[in-house]
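Q: Show me how the following folds:
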Amino acid sequence: MGSKAPAEFASTLSEARNPGGRVAKHIFVTGGVASSLGKGITASSLGRLLKARGLRVTMQKLDPYINVDPGTMNPFEHGEVFVTDDGGETDLDLGHYERFIDENLTRDSNATTGSIYQAVLAAERRGDYLGRTVQVIPHITDEIKSRITRLATEDVDVVITEVGGTVGDIEILPFLEAIRQFRLDVGRSQVCYVHVTLVPFIGPSGEQKTKPTQHSVTELRSRGIQPDAIVLRSESPVEDDLRAKISRLCDVEKRAVVNAADAPHLYQIPLVLHEEGLDNFVCETLGCDSGPPDLSEWRSLVNRVESARRSVRIGLIGKYVSLVDAYLSVVEALKHGGYHHGVDVDLEWIQAEEVDDTNAEIRLRNLDGMIVPGGFGERGTEGMVSAVRFARENQVPCLGICLGLQIMTIEFARNVLGLEGASSSEFDPLTPHPVIDLMDTQRDVTDMGGTMRLGSYPARLVDGSRVATIYGSPLVQERHRHRWEVNNRYREAMTAAGLIASGVSPDGRLVEFVELEDHPFWIGTQAHPEFKSRPTRPAPLFRGLVGAALARAEGRNPHLPAVDPIEVEQD
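A: Alright, predicted model coming up:
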């Protein structure tokens, strides 16, 4: 969508109205003082609370970086790339959004500076501006506003938009100006500004300090935005007199100054914010017609998290383990599987490059299960091959995700089929046995981004397979982000040797799942099921991996207390 002139933008607002002439309500979440304060978790928690009140909620992230999307960014730079059903490569905060509000978002829920300028420049090249000078105001700000209103469809009551970065950063100035204008465009009663700040504790003086919050709000107000509510992040609870001080100096009602002190786990935050009254205040500010939230399901979840009385140790053998955010959705999906079984997942981070056939026994023997997640490039892949071999030969439950499936296929081809030098053409273009290869239709594409399988794809599961049993359905949809596929020339030999293609594309051409016969759990998938996992509804394969790891742990230590996950859920 190109940037719009003011009259055209007003038309867009009109098109975004719900039945009965109502305009969707908008909540803008900004942050100050420091990055990584938890704006995403705060926004997600508020979304969950509003949905629990019966409101229809969607969410969005405005990112200030100039990349068009995070798809080409190094995982060490940005963490994981979260993929939506429609193939959008988006910011990892969208994963938090989906997990908390339990809604499938789209590529429209992530807008970057790069994508916004790209749209405006494309419109300028087409002549849409009739030769006028293209400027940040109104063209860039109008494009930002159009991205926001694009989400205000007929089936949405509230749009929550998180503005990335920190107030004071030069990169976010156009976004702040756009959301400032937005309140004038749609009406003051339709918008609520929530500002997240830090209240640090100064050890030598033994005091919590409000000055950073005051400065942050002053900076925000200098941009024309007066926050309606302030969320104070702190290590320990903020005293009442400090809240009163912030209220007075920042011109925010005292009841709208809420505290989100550090919690044992992130899924407790919605309950913390509800007890602080944030959702009540926001609904009152926006005039939302809703009753009290039904938080019974969420309270049951928190109870399951806190009542776990045993644990399983699962190793994550990855390429990017020095930055845990690179596997954020994988980690959360493992936790979800643990919640289902009433156990804590004790995650052991293992750098793939540090594993080989000579030390695998020492590095991996104490694991109850392991997971090999996605990634690109050759680095660390030989260590992954050694890890999945150890799991195969020692009956250790193992789940391969995307690259993990490819590693399993390579290991099986080398060590079971005896295909010396078997590899992926990604790692070794001259391999004599490219058991993982590009499809023929991908070879002539010069833009490597154009060869990716992105977004949701169906898979037909083999009747009676372990995967079909775990999913409980013959046809499943999972999200993908990969380029290389299992080479069909080797499928027959692998099946005969015991590695079954237990899930394939509906036309039978693409291998989607593999599993090993006569093994407790040695399963790989080309998909990324972690992207669809929810704390109240774990991804089936992650639930299955944790269950298999638990069975192995109980077999090793029969004195572990038995816990029925259904009983835990009902407590």
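Q: what residue is smack in the middle of the chain?
A: G95 (2.1 Å; CA atoms, centre = their mean).
Q: burial count for the residue found closest to it once you drop the neighbours it is linked to in the chain?
A: Excluding the flanking residues, the one nearest G95 by CB to CB, 6 or more residues apart in numbering is F82, at 4.5 Å. The way it works is simple: take the backbone N, C-alpha and C, and place the C-beta from them, glycine included. Residue crowding around F82 was assessed by other CB atoms under 10 Å; the count is 28.
Q: these two touch, right, F82 and R99?
A: No: the pair F82 / R99 is not scored as a contact, 10.3 Å apart, by CB atoms under 8 Å.
Q: what packs against the longest helix along the chain?
A: Counting by DSSP state H, the longest helix found in the chain is helix 540-556. Packing partners of helix 540-556 (3 or more CB pairs under 8 Å, 6 or more residues apart in numbering; DSSP states H and E): strand 311-318, helix 328-341, strand 369-372, strand 398-401, helix 466-471, strand 522-525.
Q: What segments of the stretch 101-250 of the chain are helices?
A: For the stretch 101-250 of the chain, applying DSSP state H, counting those that start in this stretch gives helices covering 113-126, 141-149, 173-186, 211-222, 240-250.
Q: Nearest to Q351 among those would be which one?
A: helix 113-126 (31.8 Å; CB to CB).
Q: chain center to that closest one, what's the gap?
A: 27 Å (CA atoms, centre = their mean, to the nearest Å).
Q: Convert the C-alpha atoms of that helix to CSV, please.
A: Output of helix 113-126 as CSV, limited to C-alpha atoms (Å, rounded to 0.1, in the frame of the first residue of the first chain):
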residue,chain,number,x,y,z
THR,A,113,11.1,1.5,8.6
GLY,A,114,12.5,-0.3,5.6
SER,A,115,9.2,-1.6,4.4
ILE,A,116,7.5,1.7,5.0
TYR,A,117,10.1,3.7,3.0
GLN,A,118,10.1,1.0,0.3
ALA,A,119,6.3,1.5,-0.1
VAL,A,120,6.6,5.2,-0.2
LEU,A,121,9.4,5.2,-2.7
ALA,A,122,7.6,2.7,-4.9
ALA,A,123,4.5,5.1,-4.9
GLU,A,124,6.8,8.0,-5.8
ARG,A,125,8.3,6.0,-8.7
ARG,A,126,4.8,5.2,-10.0
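Q: Could you list every helix and strand that that helix packs against?
A: helix 141-149.
Q: can you map out the strands along the stretch 1-150 of the chain?
A: Listed in chain order, the strands of the stretch 1-150 of the chain (DSSP state E, counting those that start in this stretch) span 25-31, 57-63, 82-83, 89-90, 110-112.
Q: A527: which of the ones you listed is closest?
A: strand 82-83 (9.8 Å).
Q: Quick one: list the elements packing against the closest one.
A: strand 89-90, helix 93-101, strand 475-482.
Q: what mean pLDDT would you report for that strand?
A: If you average the pLDDT over strand 82-83, you get 96.
Q: tell me how far the ends of stretch 158-177 are from each other?
A: End-to-end distance of stretch 158-177 (CA to CA, to the nearest Å): 21 Å.
Q: Buried ones in it, by neighbour count?
A: 158-167, 172, 174-177 (16 or more other CB atoms under 10 Å).
Q: Relative to V68, which of the residues you listed is nearest.
A: G164 (14.8 Å).
Q: which intervals of this protein have sub-threshold pLDDT?
A: 1-22, 440-451, 556-571 (pLDDT under 70).
Q: Next up, the contacts around I350.
A: G315, L316, I317, G318, V321, R363, L364, A387 (CB atoms under 8 Å, 6 or more residues apart in numbering).
Q: top of those by neighbour count?
A: Going by other CB under 10 Å, I317 tops the contacts of I350 with 32 neighbours.
Q: In contact with that residue, which residues are there?
A: I317 touches I350, A352, V355, M370, I371, V372, G383, M384, A387, counting by CB under 8 Å, 6+ apart.
Q: any idea how far it is from P64?
A: 34 Å (CB to CB, to the nearest Å).
Q: For stretch 102-111, list the C-alpha coordinates in PDB.
A: Coordinates of each C-alpha in stretch 102-111 appear next as PDB, following Å, rounded to 0.1, in the frame of the first residue of the first chain:
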ATOM      1  CA  ASP A 102      -3.900 -17.300  20.900                       C
ATOM      2  CA  GLU A 103      -4.600 -15.700  17.500                       C
ATOM      3  CA  ASN A 104      -2.800 -16.300  14.200                       C
ATOM      4  CA  LEU A 105      -1.400 -13.000  13.000                       C
ATOM      5  CA  THR A 106      -0.300 -12.100   9.400                       C
ATOM      6  CA  ARG A 107       2.600 -10.300   7.800                       C
ATOM      7  CA  ASP A 108       0.600  -7.100   8.300                       C
ATOM      8  CA  SER A 109       1.300  -7.300  12.000                       C
ATOM      9  CA  ASN A 110       4.900  -6.300  11.500                       C
ATOM     10  CA  ALA A 111       6.000  -3.100   9.800                       C
END
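Q: Quick one: the helices in the stretch 301-450 of the chain, in order.
A: 328-341, 360-364, 381-393, 403-415.
Q: winner for burial among the helices and strands packed on helix 540-556?
A: Of the helices and strands packed on helix 540-556, the one with the most neighbours on average (mean count of other CB atoms under 10 Å) is strand 398-401, at a mean of 30.
Q: Counting by contacts, list what that strand packs against.
A: strand 369-372, helix 381-393, helix 403-415, strand 522-525, helix 540-556.
Q: change it to 6 Å
A: strand 369-372, strand 522-525 (3 or more CB pairs under 6 Å, 6 or more residues apart in numbering; DSSP states H and E).
Q: want to throw those strands into TSV with distance to E512?
A: Output for these, formatted as TSV (distance: least, CB to CB, whole Å):
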stretch	distance to E512
strand 369-372	17
strand 522-525	7
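Q: Which one, of the ones you listed, ends up nearest to E554?
A: strand 369-372 (12.5 Å).
Q: quick one: strands adjacent to that closest one?
A: Strand 369-372 has its sheet partners listed here by DSSP bridges as strand 311-318 (parallel), strand 398-401 (parallel).
Q: what does the last one rub up against?
A: By CB atoms under 6 Å, 6 or more residues apart in numbering, the residues outside strand 398-401 that reach it are 370-374, 388, 391, 408, 522-524, 541, 545.
Q: can you redo the residues you listed as TSV with distance to H195?
A: Output for the contacts of strand 398-401, formatted as TSV (distance: CB to CB, whole Å):
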residue	distance to H195
M370	42
I371	38
V372	41
P373	35
G374	36
V388	47
A391	48
M408	47
W522	49
I523	45
G524	45
L541	39
L545	40
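Q: Out of these, the closest to N415 would be?
A: Nearest member of the contacts of strand 398-401 to N415, counting by CB to CB, is V388, at 9.8 Å.
Q: Deepest-packed of the helices of the stretch 101-250 of the chain, please.
A: helix 141-149 (a mean of 24).
Q: what helices or strands is it leaning on?
A: By 3+ CB pairs under 6 Å, 6+ apart, helix 141-149 packs against helix 6-15, helix 113-126, helix 173-186.
Q: next one: it to chain centre, how far?
A: 24 Å.
Q: ditto for stretch 377-394
A: On CA atoms, centre = their mean, the centre of stretch 377-394 falls 26 Å from that of its chain.
Q: which residues are in contact with it?
A: Looking at stretch 377-394 with CB under 6 Å, 6+ apart, the contacting residues turn out to be 317, 319, 352-353, 355-357, 360, 364, 370, 372, 398, 407-408, 410-411, 415, 427, 522.
Q: picking up where we left off before, nearest to D228, out of the strands of the stretch 1-150 of the chain?
A: Nearest of the strands of the stretch 1-150 of the chain (CB to CB): strand 25-31, 9.1 Å.
Q: Other residues contacting that closest one?
A: 37, 39, 43, 158-163, 166-167, 179, 190-196, 286.
Q: Keep only those of those that are in strands.
A: Among those, the members falling in strands are V158, V159, I160, T161, E162, V163, V191, C192, Y193, V194, H195, V196 (criterion: DSSP state E).
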